[in-house]
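*Asks:* need a structure here:
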Amino acid sequence: MKPAARRKARKLAVQAVYSWQLSQNTFSDIEAQYLTDTDTSKVDVDYFLDLLHGVGSYYKSLDESIAPFLDRPIKELDPVELAVLRIAAFELRERLDVPYKVAINEAIELAKSFGADDSHRFVNGVLDKAVDSLRPVRQ
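*Replies:* The predicted model follows:
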């Protein structure tokens, strides 16, 4: 798949994870909603599903892995920043086919697109500190 299709998958995943965080609906319900209500013709749907269900399966351990690098408790994070950080942490830890610099840069761009004015700086700072523990062998 083209990088643009993966970028769109990440954008959709941020929206879906954000929706889950606020609604507490099941990931299956969120998946069905996003796949039904969204034009996915230019989206890497398999990657979207991997991100969505990966965060769904591992969000507790992902939160534990980024918590030491935060300046406040997880529950006080902006929901957009938390969604971006969870997706990036999943990519860094579980998707070794994605270069770590790509995962971090994509997270920064997602924070710029969806977050508050300085969200991208916060996300960048957390991921720069967390990358060594999330991906001990960098590639």
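*Asks:* Check what pLDDT the most centrally placed residue in the chain gets.
*Replies:* Nearest to the mean C-alpha position of the chain, counting by C-alpha atoms, centre = their mean, stands Ile87 at 1.8 Å. Note for Ile87: predicted pLDDT of 98.
*Asks:* tell me the SS of it?
*Replies:* On the three-state scheme (DSSP: H, G, I helix; E, B strand; the rest coil), Ile87 is labelled helix.
*Asks:* What helices and strands are in contact with the helix or strand hosting Ala111?
*Replies:* Secondary structure from DSSP states H and E places Ala111 in helix 100-114. The elements that helix 100-114 packs onto, with contact taken as 3 or more C-beta pairs under 8 Å, 6 or more residues apart in numbering; DSSP states H and E, are helix 3-23, helix 79-94, helix 119-134. All C-beta spots, glycine's among them, are computed from the backbone N, C-alpha and C.
*Asks:* Give the buried residues for it.
*Replies:* Buried positions in helix 100-114, judged by neighbour count with 16 or more other C-beta atoms under 10 Å: 100, 103-104, 106-111, 114.
*Asks:* Show me which of these is closest to Ser57.
*Replies:* Distance to Ser57 across the buried residues of helix 100-114 (C-beta to C-beta) is lowest for Ala103, with 17.8 Å.
*Asks:* need the contact list for the closest one.
*Replies:* By C-beta atoms under 8 Å, 6 or more residues apart in numbering, the contact list for Ala103 reads 88, 91-92, 95, 127.
*Asks:* go on, Val43?
*Replies:* By C-beta under 8 Å, 6+ apart, the contact set of Val43 is 5, 8-9, 12.
*Asks:* most neighbours, which of these?
*Replies:* For the contacts of Val43, counting by other C-beta atoms under 10 Å, the largest number of neighbours falls to Ala9: 24 neighbours.
*Asks:* Nothing else from me, thank you.
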